[in-house]
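In: sequence and predicted model, in that order:
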Amino acid sequence: DAKTTQPNSMESNEEEPVHLPCNHSTISGTDYIHWYRQLPSQGPEYVIHGLTSNVNNRMASLAIAEDRKSSTLILHRATLRDAAVYYCILRDDTTSGTYKYIFGTGTRLKVLA
Amino acid sequence: EAGVVQSPRYKIIEKKQPVAFWCNPISGHNTLYWYRQNLGQGPELLIRYENEEAVDDSQLPKDRFSAERLKGVDSTLKIQPAELGDSAVYLCASSPRTGERTYEQYFGPGTRLTVT
């Protein structure tokens, strides 16, 4: 299973953009890049996913490098409620895969008022 | 729409005692997952169900852990006997489709188990 590497922690000021990096140099062609976040005392929640093209939704944007060996989750305006642990995960979505998430330790985002 | 429901939220037991966790997934979700999350770590998959069938239990410590999903809806995860190292948060998640690309997993709040 391909692995991801993320910084242990990051800080951001409130209402400023946040760029959370993720390295996945051993990604395979069938791996999708998923991001989840976990707020304190809650289960993880889905943020966004992508394969090759950049993706946008109401929560965030996902920028994927052309060689797919890295990606960046972008929160356009961080709020205090965005303080959480952010997980970057690769998932094999082929029929022979198990749609299995392998979580790493994630990046703990601290948002400063 | 109600989310994934888990109970209890907290459980404290002595080592060697049994314990059970219950999960009610989102209505209509065929796929159900149990994860264990140790302090400071990401969740680790224990078992995945497609309807009633356990399709991936390779990470479940079968000597003391068992799980069931009768009728393909609710699920129970049991530990017997519990050990000190089982202290963790046990998360249940569900996904809406079976056998296809399922992009999102919906997680419950978890059960925090403390074994003393």
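Out: Sure, I can see it.
In: can you give me the offset of the helix or strand of chain B with the lowest mean pLDDT from its chain's centre?
Out: The helix or strand of chain B with the poorest confidence is strand B:53-56; it has a mean of 89 (mean pLDDT, DSSP states H and E). Here the centre of strand B:53-56 is set off from its chain's centre by 13 Å, with Cα atoms, centre = their mean, to the nearest Å.
In: just the buried residues of that strand, please?
Out: Under the neighbour-count criterion of 16 or more other Cβ atoms under 10 Å in any protein chain shown, strand B:53-56 has B:54, B:56 buried. Bear in mind the C-beta positions are built from the backbone N, C-alpha and C, glycine included.
In: just the CA trace of it, in CSV.
Out: Extracted C-alpha coordinates of strand B:53-56, given in CSV (Å, rounded to 0.1, in the frame of the first residue of the first chain):
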residue,chain,number,x,y,z
GLU,B,53,-20.5,-10.6,4.9
ALA,B,54,-17.2,-9.7,6.5
VAL,B,55,-15.1,-9.1,3.4
ASP,B,56,-11.9,-7.9,5.1
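In: residues from chain B in reach of chain A?
Out: Residues of chain B lying close to chain A by Cβ under 8 Å from any Cβ of the partner chain are B:4, B:40-45, B:48, B:55-56, B:91, B:93, B:95, B:101-110.
In: among those residues, name the ones in helices.
Out: Using DSSP state H, no member of the residues of chain B next to chain A falls in helices.
In: make a ChimeraX selection of the buried ones in those.
Out: Per 16+ other Cβ under 10 Å, the buried members of the residues of chain B next to chain A correspond to this ChimeraX selection:
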select /B:4,42,43,44,45,48,56,91,93,95,102,103,105,106,107,108,109,110
